[in-house]
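1. Compute the structure for the input listed below.
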Amino acid sequence: MSHAENLPLASSSSSSVVDVSPQRMLFFLLLLLIVRTPCPVVTASPPTMALWRHGNRVSIINICQHLETVDGGLTVRCSGLRLKQVPLGLSNRTTRLFLNKNLLTSLPADSFYDLFLLDELDLSYNQLSSLEAGCFSGLESSLSFLDLSSNRLSTLDPAVLGGLQVHANLTHNPWHCDCRMQLSVPQLVVDSSSLAEIVCQTSDISNPGAVGIPLVLLVEDWDLCLSVRRTTDILTLTTMLLWFLMLICYFVYYIRQNKLFARQHWDYLKFLENRVPFPDFTPA
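-> Numbering: from 1, shown residues only. Down below sits the predicted model:
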């Protein structure tokens, strides 16, 4: 009897387990999946933000580190942000600007025109291959240190410097040593320890020994502007000869034209003399 009485209970308990457990198990499984599944968290590291904000160059400055100095100046560090151009809107109180370890490929004119207090500029470890004339315009009186090391620069035009007199680091660039380099380097104060690392990868000099040696040694042994002077002299001489020949041709043409005109005039006078007799003015 007791077994029969317990049977419905067991049956009831069994039915309760069958009805409730799947729901609980489903709930626990869903909860377990939610807990263990990594949620997509949107993070924005400085390089990513720099890429997103590439279209708005002013907002990129918000990512740069700003540090105010004791004298009221400003140190702006934009290193390693994958910048492809110099950001606009930099404060004119900036005295030190670090743009190293970015993706800059060129510097257009007036890139730092408003930074008239800039004393130090670091452009190292970029991909600079060209510097337009006037890119350092406005920095002639303030800039004292310029770092262009570890880029892709092959030549340095005096027009690019625009009268700068600064300490410069030009090492680790594939320099093509020509007359422009010979004229530009004396405008810069280069540390004697780094002169040996300004190596000529190529040169205007045909001598194979001029490749792979420091620029300072190349200038000591060869005049890189000599070929330019010779070319200029040849062009000047050729131009003078051409002008001289043109002048001679013009004189010959002028004389021939005058001779032809004089002959035609003389023949006409003879014709008139033969056709029309002159009246006799002999007094009676």
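2. ranges for the helices of this protein?
-> Using DSSP state H, the helices found in the chain span residues 2-36, 46-52, 57-60, 158-161, 179-184, 215-221, 226-275.
3. If you average pLDDT over each of those helices, which is lowest?
-> When these are compared by mean pLDDT, helix 46-52 comes last with a mean of 39.
4. hey, where'd the strands end up in the stretch 51-200 of the chain?
-> With DSSP state E, counting those that start in this stretch as the criterion, the stretch 51-200 of the chain has strands at 65-68, 74-77, 94-98, 106-107, 120-122, 130-131, 145-147, 167-169, 175-177, 189-190, 200-203.
5. Using a markdown table, please lay out these together with mean pLDDT, distance to Leu156 and mean neighbour count.
-> The C-beta positions use only the backbone N, C-alpha and C, and glycine is treated the same way. Output for those, formatted as a markdown table (pLDDT from 0 to 100; distance: least, Cβ to Cβ, whole Å; neighbours: other Cβ atoms under 10 Å):
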| stretch | mean pLDDT | distance to Leu156 | mean neighbour count |
| --- | --- | --- | --- |
| strand 65-68 | 92 | 30 | 12 |
| strand 74-77 | 95 | 25 | 18 |
| strand 94-98 | 96 | 20 | 20 |
| strand 106-107 | 94 | 12 | 19 |
| strand 120-122 | 97 | 15 | 21 |
| strand 130-131 | 92 | 7 | 19 |
| strand 145-147 | 94 | 11 | 20 |
| strand 167-169 | 91 | 9 | 20 |
| strand 175-177 | 87 | 8 | 22 |
| strand 189-190 | 82 | 11 | 16 |
| strand 200-203 | 84 | 12 | 18 |
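6. Export those strands as TSV, with columns for distance to Thr236.
-> Converted to TSV, those look like this (distance: least, Cβ to Cβ, whole Å):
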stretch	distance to Thr236
strand 65-68	55
strand 74-77	49
strand 94-98	44
strand 106-107	34
strand 120-122	40
strand 130-131	30
strand 145-147	36
strand 167-169	34
strand 175-177	25
strand 189-190	34
strand 200-203	25
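7. and Leu139, which of those strands is closest to it?
-> Of all those, it is strand 120-122 that lies closest to Leu139, at 7.5 Å by Cβ to Cβ.
8. Distance-wise, check Ala196 relative to Ser184.
-> 18 Å (Cβ to Cβ, to the nearest Å).
9. Over to Met240?
-> According to Cβ to Cβ, Met240 stands 31 Å off from Ser184.
10. same thing with Ile248?
-> In terms of Cβ to Cβ, Ile248 sits 43 Å off from Ser184.
11. More neighbours: which of those two?
-> Ser184 (20 against 10; other Cβ atoms under 10 Å).
12. Ala159 is in contact with the more buried one, correct?
-> No: the pair Ser184 / Ala159 is not scored as a contact, 9.2 Å apart, by Cβ atoms under 8 Å.
13. Quick one: end-to-end distance for stretch 109-118.
-> One end of stretch 109-118 to the other measures 16 Å (Cα to Cα, to the nearest Å).
14. Nearest spatial neighbour of Asn102, chain-adjacent residues omitted?
-> Using Cβ to Cβ, 6 or more residues apart in numbering and skipping the chain neighbours, the partner closest in space to Asn102 is Leu83 (4.2 Å).
15. wait, doesn't that neighbour sit right on Lys101?
-> No: counting by Cβ under 8 Å, Leu83 does not reach Lys101; the two are 9.6 Å apart.
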